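>>> Pasting a predicted model and its sequence here:
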Amino acid sequence: MNDDDETTVEEPDVEVIDWYVESDDETEQLAEAEAEVEEFDQDDPGALPTESLPVVAVVGRPNVGKSTLVNRILARRAAVVEDVSGVTRDRVSYRANWNGRDFTLVDTGGWDRDARGRSASVAAQAERAMRDSDVVLFVVDAMVGPTAADEDVVRLLRDTEKPVILAANKVDGPTGEAEAASLWSLGLGEPYPVSGLHGRGSGDLLDVVVAALPETGQPVPGPGVNRIALVGRPNVGKSSLLNKLAGDERSVVHDVAGTTVDPVDEVVELEGQEWLFIDTAGIRRRIKEASGHEYYASIRTRSAIERAEVAVLVIDASEPIAEQDLRLIGTVIDAGRALVIALNKWDLVDEERRRDLEREYDVELQHVWWAPRVNVSAATGRRVDRLPGALETSLTGWRTRIPTGRLNQFIKDLAAAHPHPVRGGKQPKVLFATQAATCPPTFVLFTSGFLEAGYRRFIERRLREDFGFTGTPMRLQLRVRKKRR
């Protein structure tokens, strides 16, 4: 990172709350503190069973309004939409419901028989969605009418032998229904007029979709599956890393930065355990500075971090650490998520440079010294097998809980060996401590006065040294004693 780049040293999050006491006696104050501890909820959510849902794939040629229709079905702006062709590139799955029936809705990029380069990868993902689905929702622009590209899609759909429902999109009024009638020529049966933008006819279309769904579906990960968000700047290799872990071309990969737009979920089995990986769009600037689909992609990346348990920050080891890398670390810490740092493209760094690079990372990432670092190469697969161990370590730290009695003995011994400095003739003391929550570990310290930032950092470091907490941010809350007047 350049010398003029701004760096900040993170300290444990601290929230200061006045703690009013009735007595001057510290023994009675300790009893009051123990009574207040009962308000904290210490139960973690349990794992829920995996479900099975039928899958509906939304397909069609580019720019017919597939993602707009997906957002209409979901009743929220989940898919990134912009008034240009080719914004959606991957297979993106969403949970949908109509009239009490749940199903998985898969948005796809535009399919084109003559696609080349990145567009060919997009088309391959759309074909995969057709094969893996239970029902196909084929979207056509009714205002344009059937085209040669639409007929190419029809031939492909016939080979899949899947139930196909024809959606005549962009029918915004009664006059458009006559245009939709021309789609009978595609030989797929009745075209259902719909407006993805305004919602006209969407209910009738969904009635037909739900009626075509099979009774049994395909397994989907439940809330009990560990969720991992892959985050980083554009073109650092997040999608390549997901594909290497999955052993399949799950995400579209291209040399052009910004290929991934929508978050892509993929369940991957590693060492006998299932993980839900969320591939996210690369973030190159602050959200407020982004525009167009890049702005909405940034919003969805932040939501993916919130949805995850662990964030894997992918950094391009062949380039210096950028300010945006540090911002993303701050976003993960603010969200209270566990953190693993994956230094990708390690194969592009020569042996002599690697030793210097390790020392540079020790300095530039010193504020997250507790986060595991893994040197990997998504292109060659080098050391990718070390990632599951780092994820397990961070999750363990994120979920660690210290019994209250043991924690208070630790604080007592720590204060005896290293008391808080005297300030203004007074020496603040920790009267009682409790771990209020896990995920991330959150501690509440009942004190006789305000603890300085340096002493709070000292407590955090010693907590990590004695109890672990590798890979997780830590939060401290101070409840400073005040005599009630």
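Happy to help now that I have it.

>>> From what I see, Leu478 and Ser448 are in contact.
No: using C-beta atoms under 8 Å, Leu478 makes no contact with Ser448, being 10.8 Å away. For every residue, glycine as well, the C-beta is placed using N, CA and C.

>>> So if I had to pick from those two, which one is more boxed in?
Neighbour count, other C-beta atoms under 10 Å: between Leu478 and Ser448, Leu478 has more, with 21 against 18.

>>> Okay, and that one sits in which element?
Element membership of Leu478 [criterion: DSSP states H and E] is strand 475-483.

>>> May I have the strands that pair with that strand, each with its orientation?
strand 13-21 (parallel), strand 442-447 (parallel) (DSSP bridges).

>>> buried residues in it?
For strand 475-483, a neighbour-count test (16 or more other C-beta atoms under 10 Å) marks Arg475, Leu476, Gln477, Leu478, Arg479, Val480, Arg481 as buried.

>>> quick one: the residue nearest to Gly173 when sequence neighbours are not counted and Gly176, what's the gap?
Computed as C-beta to C-beta, 6 or more residues apart in numbering, the closest residue to Gly173 that is not its neighbour in sequence is Arg200, at 7.7 Å. The spacing between Arg200 and Gly176, counted by C-beta to C-beta, to the nearest Å, is 9 Å.

>>> anything in contact with each of these two?
Taking C-beta atoms under 8 Å, 6 or more residues apart in numbering as the criterion, Arg200 and Gly176 both touch Pro193.

>>> what does stretch 404-414 contact?
Residues outside stretch 404-414 that contact it (C-beta under 8 Å, 6+ apart): 37, 402, 430, 432-435, 443, 445, 459, 462-463, 466-467.

>>> what's Lys179 in contact with, if anything?
Just to correct that, residue 179 is Glu rather than Lys. Applying C-beta under 8 Å, 6+ apart, we find Glu179 in contact with Ala142, Met143, Gly145, Ala168, Val171.

>>> Mind exporting the C-alpha coordinates of the one helix or strand it maps to to CSV?
Using DSSP H and E, Glu179 maps to helix 174-180. Below are the C-alpha coordinates for helix 174-180, written out as CSV (Å, rounded to 0.1, in the frame of the first residue of the first chain):
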residue,chain,number,x,y,z
PRO,A,174,-54.6,-4.5,-23.7
THR,A,175,-53.1,-3.5,-27.1
GLY,A,176,-50.0,-5.7,-26.3
GLU,A,177,-52.1,-8.8,-26.0
ALA,A,178,-52.6,-9.0,-29.7
GLU,A,179,-48.8,-8.8,-30.2
ALA,A,180,-48.4,-11.7,-27.7
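
>>> Helices of this protein, start to end?
Here the chain has its helices, by DSSP state H, at 26-37, 66-74, 118-132, 148-160, 174-180, 202-212, 238-246, 292-307, 323-335, 351-364, 387-399, 404-417, 453-467.

>>> export those helices to a markdown table and tack on distance to Ser52?
Listed next are the helices of the chain as a markdown table, based on distance: least, C-beta to C-beta, whole Å:
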| stretch | distance to Ser52 |
| --- | --- |
| helix 26-37 | 42 |
| helix 66-74 | 20 |
| helix 118-132 | 14 |
| helix 148-160 | 21 |
| helix 174-180 | 34 |
| helix 202-212 | 16 |
| helix 238-246 | 21 |
| helix 292-307 | 21 |
| helix 323-335 | 30 |
| helix 351-364 | 44 |
| helix 387-399 | 26 |
| helix 404-417 | 42 |
| helix 453-467 | 40 |
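
>>> give the contact list for the residue positioned nearest the centre of the chain.
The residue lying closest to the centre of the chain (C-alpha atoms, centre = their mean) is Ala304, at 2.4 Å. Contacts were defined as C-beta under 8 Å, 6+ apart; by that measure Ala304 touches Ala229, Val231, Pro263, Ile278, Thr280.

>>> For it, give me the pLDDT.
At Ala304, the model reports a pLDDT of 87.

>>> Distance check, it against Val332.
Noted for Ala304: a distance of 11 Å to Val332, by C-beta to C-beta.

>>> Check the contact lists of those two and give me the overlap.
Common neighbours of Ala304 and Val332, counting by C-beta under 8 Å, 6+ apart, are Val231.

>>> what's the neighbour count on the residue nearest to Ala96 when sequence neighbours are not counted?
Closest residue to Ala96 apart from its sequence neighbours, by C-beta to C-beta, 6+ apart: Leu105 at 4.3 Å. Neighbour count of Leu105, defined by other C-beta under 10 Å: 25.

>>> Contacts only, for Leu105.
Taking C-beta under 8 Å, 6+ apart, we find Leu105 in contact with Val56, Val58, Val70, Ile73, Leu74, Ser93, Tyr94, Arg95, Ala96.

>>> what's the neighbour count on Gly203?
Gly203 has 11 neighbours, counted by other C-beta under 10 Å.

>>> Tell me the pLDDT of it.
Gly203 carries a pLDDT value of 94.

>>> Next: Leu245.
pLDDT for Leu245: 88.

>>> Without its sequence neighbours, what residue ends up closest to it?
Distances taken as C-beta to C-beta, 6+ apart place Val268 nearest to Leu245, at 5.0 Å, with adjacent residues excluded.

>>> Need the contact partners of stretch 146-155.
When contacts are defined by C-beta under 8 Å, 6+ apart, stretch 146-155 is touched by residues 59-61, 111-113, 138, 140, 182-183, 185-188.

>>> In CSV, list those residues along with pLDDT.
Formatted as CSV, these follow (pLDDT from 0 to 100):
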residue, pLDDT
Val59, 90
Gly60, 88
Arg61, 86
Trp111, 77
Asp112, 74
Arg113, 72
Phe138, 93
Val140, 92
Ser182, 89
Leu183, 91
Ser185, 91
Leu186, 91
Gly187, 91
Leu188, 91
